[in-house]
Structures are given as C-alpha cells and as structure tokens.
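**Q** predicted model and sequence below, questions to follow.
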Amino acid sequence: MLKRILLILCCVASAHAAPSNNAADDIERYLAERGIVAQMDHMRQSVGDTASDLVVNAMTFLGVPYRRGGTNASTGFDCSGFVRSMFEQTVGKVLPRRASEQAAATEKIDKQDLKPGDLVFFNTMRQTFSHVGIYVGDNKFIHSPKPGQQVRVDDMRQAYWDRRFTGARRVAPAANGDSLSN
C-alpha cells in the first residue's frame, strides 16, 4: 500500500519536472493541482491500509464519465456502479448493484463516525438512498454524479449535498475480521 502511494507521489513529482502529453501524467497533474495527492497521503496516515487502498484506487478514476447503468471505466460509471466496482476491485467484496440495496446491505453509522472508505448516501431523486459515494475524509466524498459529468470529489458541506444527505454506512469487515477503516 505504502509503495502504491509512493509510486503515485513519484509520478506526480516527475510530471512536474518534465511536461508530457501522456494521459497518465495529465491525471497525476490533475490530482496534484487539486491537492488530492496531499489529502491521500494524510488519509494514508490516519486510516487502515484497506480503506486507504480503496480511496487511492477510487481516486485513479477521477474524470471517468457518468453513464447510467455503467459499471466500468471503459464505458463509464453511474454512482452505485462506481462504488460496486471500487469495492470489488480493491477489497474483493461484491456489493449489490443499486444504491438503495447497498444501503440495506451495509451497517448504519453516525455521520460524525465517518471514516475513509465508508459509504455516504443522498436523496437526489426523491428517494432516500438514490445516490451513493465513497467518503474520502475531511467531509469529502468521491462519486459519479450525473449525466454529462465525471467521477469527482465533492464536499458534503456544500448546500446541495448537505440538504440531501440521508445516511452513512460501513461495509462489514471481511471474513478474516479486517475492517475497511481499522
């Protein structure tokens, strides 16, 4: 895990040293310019490796377009498809397909107990759990918002998200007892 973050940080440093037209360099530059690399390093120090891996992996999909029903980076993600894919790729845990089903299959937690890797839910379509994202820390979450937009990080304190927040959930620990947010 630490090696993965160091690799990302090295890529970011080299991207600043020598301009490139490479798409990977553009992503690293985007992450660095928005302070996301620094946030990931801070999160790595404060959470368990599994949750940190999940958040770091999710950050690599910034900019992937929204697609209704989408479940992969090549065609795009909808919100629950993004969350499901991140957990399956990183943790090996397959979550249900829809946001409301993901809420039902996870453990309810208080908002003040949120840790990176937890799920956050919003009412965006007149349904309690119609939108889902992954909490990354510092009141921010990563998600695939809506048609015409891309995977991005938003602040839960923004009026839009604050008014629509409907709950926080934690994915149950793996069979070996490892918690996502140790």
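**A** That came through fine.
**Q** mind listing what residue 148 touches?
**A** Under the criterion of CB atoms under 8 Å, 6 or more residues apart in numbering, the contact partners of residue 148 comprise residue 66. C-betas here are computed from N, CA, C, even on glycine.
**Q** helix, strand or coil for it?
**A** Secondary structure assignment for residue 148 (DSSP: H, G, I helix; E, B strand; the rest coil): coil.
**Q** now residue 113. Its backbone dihedrals?
**A** The phi and psi torsions at residue 113 (degrees, to the nearest 10) take the values phi -100, psi 10.
**Q** if I pick it, what's in contact with it?
**A** Applying CB under 8 Å, 6+ apart, we find residue 113 in contact with residue 168.
**Q** show the pLDDT at it.
**A** pLDDT, the model's per-residue confidence, is 96 for residue 113.
**Q** and what of the one 10 residues further on?
**A** Confidence at residue 123, expressed as pLDDT, is 97.
**Q** same thing with residue 32?
**A** Residue 32 is assigned 70 on the pLDDT scale.
**Q** now the one 10 residues further on
**A** Residue 42 is assigned 55 on the pLDDT scale.
**Q** same check, this time on residue 100
**A** The predicted local distance difference test score for residue 100 is 97.
**Q** next: the one 10 residues further on.
**A** Among the per-residue scores, residue 110 holds a pLDDT of 97.
**Q** one more: residue 117?
**A** Among the per-residue scores, residue 117 holds a pLDDT of 95.
**Q** how about low-confidence regions in this protein?
**A** Screening the chain residue by residue with the criterion pLDDT under 70, one finds the ranges 1-28, 30-31, 34-49, 174-182.
**Q** repeat the analysis, applying 50 as the threshold.
**A** 1-20, 43-47, 177-179, 181-182 (pLDDT under 50).
**Q** just the strands in it please.
**A** In the chain, strands defined by DSSP state E lie at 71-72, 76-77, 107-109, 119-122, 131-137, 140-143, 152-155, 165-170, listed in chain order.
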